[in-house]
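S.K.: need a structure here:
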Amino acid sequence: QVQLKESGGGVVQAGDSLTLSCAPSERTEFHNARGWFRQAPGREREFVASISSDGVTTYYAETVRGRFTITRNDAENTVTLQMNSLTPEDTAVYYCAAAITADSLRRGNPNYLGQGTQVTVSS
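M.R.: Numbers count the residues shown, from 1 in each chain. As a prediction, this is how the structure comes out:
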């Protein structure tokens, strides 16, 4: 089964930007809808953003809308989450995800989920 691997996490200060990337473990075509979830300590995993397989439709959680941007590069099989104006409330483990539809991800139903990458935003 294809595994998803995230990269780009780290420690930043409030107001900074950070870019997360995700690619499948195998060099195989992966046309699924892609997305991101996050889980902060003591909280349930929550949806962040998703993008359809054709790249036309995107969904965002209200807490990140206008600050985060999800894009995909099918030539490289990657999906990217550009995060701007980060706040300490964005501190969490971020998980790359995939499903048949972007709406499935928005509803919290991924078929694939990566191992996660830590994002820490200090005040």
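S.K.: can we go C-alpha only for contacts and neighbour counts from here?
M.R.: OK.
S.K.: which SS class is the residue nearest the centre of the chain?
M.R.: Nearest to the geometric centre of the chain sits Trp36, at 2.5 Å (CA atoms, centre = their mean). The three-state assignment at Trp36 reads strand, by DSSP: H, G, I helix; E, B strand; the rest coil.
S.K.: which helices and strands does the host helix or strand of Val119 pack with?
M.R.: Secondary-structure assignment from DSSP states H and E places Val119 in strand 117-122. Taking 3 or more CA pairs under 8 Å, 6 or more residues apart in numbering; DSSP states H and E as the contact definition, the neighbouring helices and strands of strand 117-122 are strand 10-13, strand 92-99.
S.K.: the residue nearest to the centre of the chain touches Val48, doesn't it?
M.R.: Yes. With contact taken as CA atoms under 8 Å, Trp36 and Val48 are classed as touching, separated by 5.4 Å.
S.K.: deepest of the helices and strands packed on strand 117-122, which one?
M.R.: A comparison of these by mean neighbour count, using mean count of other CA atoms under 10 Å, puts strand 92-99 on top with a mean of 26.
S.K.: just the CA trace of the next helix or strand after that strand, in CSV.
M.R.: Past strand 92-99, heading to the C-terminal end, the next element that is a helix or strand (DSSP H and E) is helix 102-106. Provided in CSV are the C-alpha atoms of helix 102-106 (Å, rounded to 0.1, in the frame of the first residue of the first chain):
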residue,chain,number,x,y,z
ALA,A,102,-11.7,16.3,-1.5
ASP,A,103,-15.1,16.4,0.2
SER,A,104,-14.3,13.0,1.9
LEU,A,105,-11.3,14.6,3.4
ARG,A,106,-13.3,17.7,4.5
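S.K.: understood, closing this out.
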